[in-house]
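Novice: let's see this in three dimensions:
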Amino acid sequence: ACAFAGLWNCVTINPLNIAAGVWMMLNAFVLFLCEAPFCCQFIEANAVSARADKLRPWQKAAFYCGMAVFPVMLSLTLTTLFGNAIAFATGVLYGLSALGKKGDAISYARIHQQQKQMDEEKLTGALEGQA
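Specialist: Next up is the predicted model:
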């Protein structure tokens with residue numbers, strides 16, 4: 001979607017639209033290299049993919065979201081918004097995975113209860129020290 005929208009964005013006279021379209025096609029190529037290296041048999045994409053897999057999820061999130069926001073800042077059109085939506089969504093998903101698994105309510109309640117008990121013990125210890 002990003003590549004097709006970028007190509008469509010290049011069919012214009014406005015130089016900012018052309019720059020945004022070229023950037024979008026570059027985004028699509030980088031996403032293919034990192035996420036689907038089997039689509040790029042004409043180059044050694046496995047090395048690029050292996051290097052991208054070593055990045056932490058928050059680094060991938062920042063990279064993908066930054067790549068997707070730049071063309072929108074160059075040329076704010078529906079084509080750039082819809083074309084970069086998938087790349088931005090990929091970054092958002094990596095950002096959510098960087099947050100980690102959702103904990104269950106029982107463990108959070110247990111941690112909250114222990115914290116509450118520790119606070120009460122500190123408060124009673126401080127009150128006994130004043131008396």
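Novice: from here on, contacts and neighbour counts on C-alpha atoms
Specialist: Will do.
Novice: okay, now the unreliable bits of the protein?
Specialist: Along the chain, segments meeting pLDDT under 70 span 37-41, 44-47, 101-105, 123, 125-131.
Novice: my guess is A98 contacts L55. True?
Specialist: No. Applying CA atoms under 8 Å, one finds A98 not in contact with L55, separated by 11.2 Å.
Novice: of these two, who's got more company?
Specialist: The neighbour comparison of A98 against L55 (other CA atoms under 10 Å) goes to A98, with 15 against 11.
Novice: any buried residues in the particular helix or strand that has that one in it, and which?
Specialist: Element membership for A98 (DSSP states H and E) is helix 78-99. The neighbour-count check on helix 78-99 (16 or more other CA atoms under 10 Å) flags 79-81, 83-88, 90-92, 94-95 as buried.
Novice: what packs against that helix?
Specialist: helix 2-9, helix 15-35, helix 57-74 (3 or more CA pairs under 8 Å, 6 or more residues apart in numbering; DSSP states H and E).
Novice: send the alpha carbons of stretch 15-35 over as CSV?
Specialist: C-alpha atoms of stretch 15-35 as CSV (Å, rounded to 0.1, in the frame of the first residue of the first chain):
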residue,chain,number,x,y,z
PRO,A,15,8.0,18.8,-5.8
LEU,A,16,6.9,18.1,-2.2
ASN,A,17,4.5,15.5,-3.3
ILE,A,18,7.2,13.9,-5.4
ALA,A,19,9.6,13.9,-2.5
ALA,A,20,7.0,12.4,-0.2
GLY,A,21,6.1,9.7,-2.9
VAL,A,22,9.8,8.7,-3.3
TRP,A,23,10.1,8.5,0.5
MET,A,24,7.0,6.3,0.7
MET,A,25,8.4,3.9,-1.9
LEU,A,26,11.7,3.8,0.1
ASN,A,27,9.7,3.1,3.3
ALA,A,28,8.0,0.2,1.5
PHE,A,29,11.3,-1.2,0.3
VAL,A,30,12.8,-1.0,3.8
LEU,A,31,9.7,-2.7,5.3
PHE,A,32,10.0,-5.5,2.8
LEU,A,33,13.6,-5.9,3.6
CYS,A,34,13.1,-6.0,7.4
GLU,A,35,9.8,-7.8,7.7
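Novice: right, I'll leave it there.
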